[in-house]
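[1] one predicted model, sequence on top.
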Amino acid sequence: MSVLVHPTTLTFPYPVPPEPGSVIEIAPGILWLRLALPYRLDHVNVYLIEDGPGWAVLDTGLDDAATRAAWETLLAGVLRGRPLTRVLVTHYHPDHIGLAGWLCERFGLPLLMSQTEYLVSLSIHLEPGALNAEPYRSFYRSHGLDSETTERLLTSGHRYLRMISGLPRTFCRLIAGELLRIGGRTFEVLSGGGHAPEQVMLFCPADNLLLCADQVLARISPNISVQAMDPEGDPLGIYLRSLASLKRDMPKDVLVLPGHNLPFVGLPTRIDELCAHHEARCVAIETACRRAPCTAAELVPVVFKRVIDDPHQMGFAFSEGLAHVNYLLRENRLRPVAGRRASVEFTA
């Protein structure tokens, strides 16, 4: 679940997004289009990069009837006459990988993505009910989560497959530190964790632009969640380290092309805002735990400060709250309650 975070001094070179079925040329040979999502976050950005006679596609949207229809409109309209050449996927989330299998199969295209993201998606395809068993149920319940939300999280693999058209049996691995040639451009392959385990980003020094997927968004904070299969994981720490690397390595005036919201300039400022946002959550958790020990579920209203009555959104909120708890435990800013399992209650 993404939380609204308002930017201060960002610049938006393209303040109006493309209309359905249309594109905006961000740079010569780089097109920006939007596809609708049936969620509170109602869109995903897709980018097309000129690749010889055609276009390489970066991310695809969900697999649903509306998104397939949108692609049909694009292929018969603004993309008519130039073939798709390959599909690049930044990470395994359905709004980014959903139609990768459909596009690859229909046009005989290769799929390019990081190995971790491919294998995570593949594992769900191979055993969608894997999480619907112990010890995952006990993991959620021991952190104070209610039974309805727990059951929804335990069946998430089945929901995932309903939004994905499938995966090709083979893929081309994108590796951080390597160079990727697309048409006349050379991109540096970057990766970042936290929101997804090995999310791919592409930096083009010649054009000073960064295709950053969901790692840095202009108006919302990407969801940072602990997964049941890695119950003591530290996705927030990983995410903050990734942000520090981007702030250190990217030009201050780089044009950021994100997976949601508008393209922007002001990456260092936005990174500072995101870090401050997560630190404020950490301080709120510490304050609550000084008053009384809390389970991760009890900290959800401390972190989000509003009523969350949808089990789907509660799952995101719980997992993100736990990400902050795990980070604070690693930083020795929280400690488990003496005499109890570390996964039950926490105190500052």
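    Received it, and whenever you're ready, just let me know what you need. Numbers count the residues shown, from 1 in each chain.
[2] only C-alpha atoms from now on, for both contacts and neighbour counts.
    Fine.
[3] quick one: neighbours of residue 123, just the number.
    For residue 123, the neighbour count with other CA atoms under 10 Å is 12.
[4] residue 37 and residue 329, how far apart?
    Distance of residue 37 to residue 329, given as CA to CA, to the nearest Å: 35 Å.
[5] and what of residue 319?
    Taking CA to CA, one finds residue 319 at 15 Å from residue 329.
[6] same thing with residue 123?
    Taken as CA to CA, the span from residue 123 to residue 329 is 29 Å.
[7] over to residue 140?
    Distance, residue 140 to residue 329, by CA to CA: 18 Å.
[8] neighbour count: these two, which is higher?
    More crowded of residue 140 and residue 329, by other CA under 10 Å: residue 140, with 26 against 19.
[9] the more buried one: what's it in contact with?
    Contact analysis of residue 140 by CA atoms under 8 Å, 6 or more residues apart in numbering lists 150, 228.
[10] repeat that with 10 Å
    Residue 140 makes contacts with 146-147, 149-151, 153-154, 228, 231, 296-297, 315, 318-319, 343-344, as judged by CA atoms under 10 Å, 6 or more residues apart in numbering.
[11] can you give me the helices for the stretch 151-300 of the chain?
    Applying DSSP state H, counting those that start in this stretch to the stretch 151-300 of the chain gives helices spanning 156-162, 235-249, 267-291, 300-304.
[12] quick one: which of those helices is nearest residue 107?
    Proximity to residue 107 (CA to CA) singles out helix 156-162 among these, at 21.6 Å.
[13] so residue 223 sits against residue 194, correct?
    Yes: counting by CA atoms under 10 Å, residue 194 is a contact partner of residue 223 at 8.3 Å.
[14] which one of those two has more residues nearby?
    residue 194 (25 against 20).
[15] thought the more buried one was touching residue 238?
    Yes: counting by CA under 10 Å, residue 194 touches residue 238, with 5.4 Å between them.
[16] intersection of neighbour lists for those two?
    Common neighbours of residue 194 and residue 238, counting by CA under 10 Å, 6+ apart, are residue 224.
[17] how near is residue 191 to residue 57?
    Distance, residue 191 to residue 57, by CA to CA: 18 Å.
[18] next one: residue 282
    Applying CA to CA, the value for residue 282 to residue 57 is 38 Å.
[19] and what of residue 329?
    40 Å.
[20] got it, and residue 123?
    To residue 57, residue 123 is 24 Å away according to CA to CA.
[21] and for residue 99?
    Counting by CA to CA - residue 99 and residue 57 are separated by 11 Å.
[22] neighbour count for those two, which is higher?
    Set residue 99 next to residue 57 and count neighbours by other CA under 10 Å: residue 99 wins out with 26 against 22.
[23] the more buried one contacts residue 163, correct?
    Yes: Residue 99 is within contact range of residue 163, at 8.4 Å (criterion: CA under 10 Å).
[24] what do the two both touch?
    Joint contacts of residue 99 and residue 163 (CA under 10 Å, 6+ apart) are 61-64.
[25] now for those, which sits with the most neighbours around it?
    Neighbour tally across those (other CA under 10 Å): the maximum, 28 neighbours, falls on residue 61.
[26] spatially nearest residue to that residue, not counting backbone neighbours?
    Closest residue to residue 61 apart from its sequence neighbours, by CA to CA, 6 or more residues apart in numbering: residue 95 at 4.5 Å.
[27] next, count neighbours for that neighbour.
    Neighbour count for residue 95, taken as other CA under 10 Å: 22.
[28] now it: phi and psi?
    Per-residue torsions, residue 95: phi -70, psi -10 (degrees, to the nearest 10).
[29] where does this structure have its least confident helix or strand?
    When each helix and strand of the chain is scored by mean pLDDT, DSSP states H and E, strand 3-4 comes last, with a mean of 50.
[30] same list (the helices of the stretch 151-300 of the chain) but as a markdown table, adding mean neighbour count.
    Below are the helices of the stretch 151-300 of the chain laid out as a markdown table (neighbours: other CA atoms under 10 Å):
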| stretch | mean neighbour count |
| --- | --- |
| helix 156-162 | 16 |
| helix 235-249 | 18 |
| helix 267-291 | 17 |
| helix 300-304 | 18 |
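[31] quick one, what contacts the closest residue to residue 157 other than its chain neighbours?
    Distance criterion CA to CA, 6+ apart; nearest residue to residue 157, sequence neighbours excluded, is residue 128 at 4.5 Å. Counting by CA under 10 Å, 6+ apart, residue 128 makes contact with 121-122, 154-161.
[32] phi first, then psi, for residue 128.
    phi -60, psi -20.
[33] how much space separates it from residue 158?
    Per CA to CA, residue 128 is found 6 Å from residue 158.
[34] then residue 119?
    To residue 158, residue 119 is 17 Å away according to CA to CA.
[35] for residue 330, same thing?
    Noted for residue 330: a distance of 33 Å to residue 158, by CA to CA.
[36] what's the neighbour count on residue 50?
    Look at residue 50: counted by other CA under 10 Å, it has 21 neighbours.
[37] could you list every residue that touches the closest residue to it other than its chain neighbours?
    Leaving aside its sequence neighbours, residue 50 sits nearest to residue 29 (CA to CA, 6+ apart; 4.9 Å). Residue 29 sits next to 48-51, 55, 183-185 when contact means CA under 10 Å, 6+ apart.
[38] good, we can wrap up now.
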